[in-house]
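Engineer: Generate a structure from the sequence data that follows.
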Amino acid sequence: MHIADDVEPKVNHLLNTMPHNMGHTLGIKFLSFKKNEVKATMPVDKNTIQPFGILHGGASVALAESVASIGAWLNVNEDSKTAVGVEINANHIRAVPQGDSVIATSRPVHRGKKTQVWETKIHTSDGQLACISRCTLAIVDK
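Structural biologist: This next block holds a predicted model:
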């Protein structure tokens, strides 16, 4: 895992205090934390497939919102502010079969004082685009 120096204390605190959540159930594992990019991987397994044995679109959206939310949070003062999703969309480009994994890379499109917009691209393990998502987050008082 790579953590940029400017966010290391913040990320380490999060990782050490984060309660069990949906990301754990889906098998999401963060790979990289930077203010301008967050990466994570997720298996395509029994917890993330739909009835036909391919990656569930909802699991892709959960992954996309997870990386976008962490990215937005890295850009606010966590003592007084937090980031919450207010809108997300996703275009599912290709099916991903069970047994594969996906990698999500989220980058900011806009980082304002009241809103942020993050674009997430989800690729298969061999680099093919599987999903693209855009998430708008509100920056709110804690």
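Engineer: tell me the strands in this structure, going along the chain?
Structural biologist: With strands called from DSSP state E, the chain shows them at 2-3, 29-34, 37-43, 81-92, 101-111, 115-124, 129-141.
Engineer: Can you list the strands that the first one pairs with?
Structural biologist: It refers to strand 2-3. Strands flanking strand 2-3 in the sheet, each with its direction: strand 29-34 (parallel) (DSSP bridges).
Engineer: And the contacts of the strand it pairs with?
Structural biologist: Where contact means CB atoms under 8 Å, 6 or more residues apart in numbering, the residues beyond strand 29-34 that reach it are 1-4, 7, 11, 38-42, 67, 70, 74, 103. From N, CA and C alone the C-beta is placed, and that goes for glycine too.
Engineer: Kindly write the PyMOL command that selects the buried subset of these.
Structural biologist: In PyMOL, the members of the contacts of strand 29-34 classed as buried (16 or more other CB atoms under 10 Å) are selected with the following command:
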select buried, resi 3+7+11+38+39+40+41+42+67+70+74+103
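Engineer: Make CSV from the strands of the chain and add mean pLDDT and distance to I54 to it.
Structural biologist: As requested, the strands of the chain are arranged in CSV below (pLDDT from 0 to 100; distance: least, CB to CB, whole Å):
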stretch, mean pLDDT, distance to I54
strand 2-3, 92, 30
strand 29-34, 97, 21
strand 37-43, 98, 13
strand 81-92, 97, 10
strand 101-111, 98, 11
strand 115-124, 98, 11
strand 129-141, 98, 10
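Engineer: Now render those as TSV, adding distance to Q50.
Structural biologist: Formatted as TSV, the entries for those read as follows, by distance: least, CB to CB, whole Å:
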stretch	distance to Q50
strand 2-3	32
strand 29-34	21
strand 37-43	14
strand 81-92	11
strand 101-111	14
strand 115-124	15
strand 129-141	13
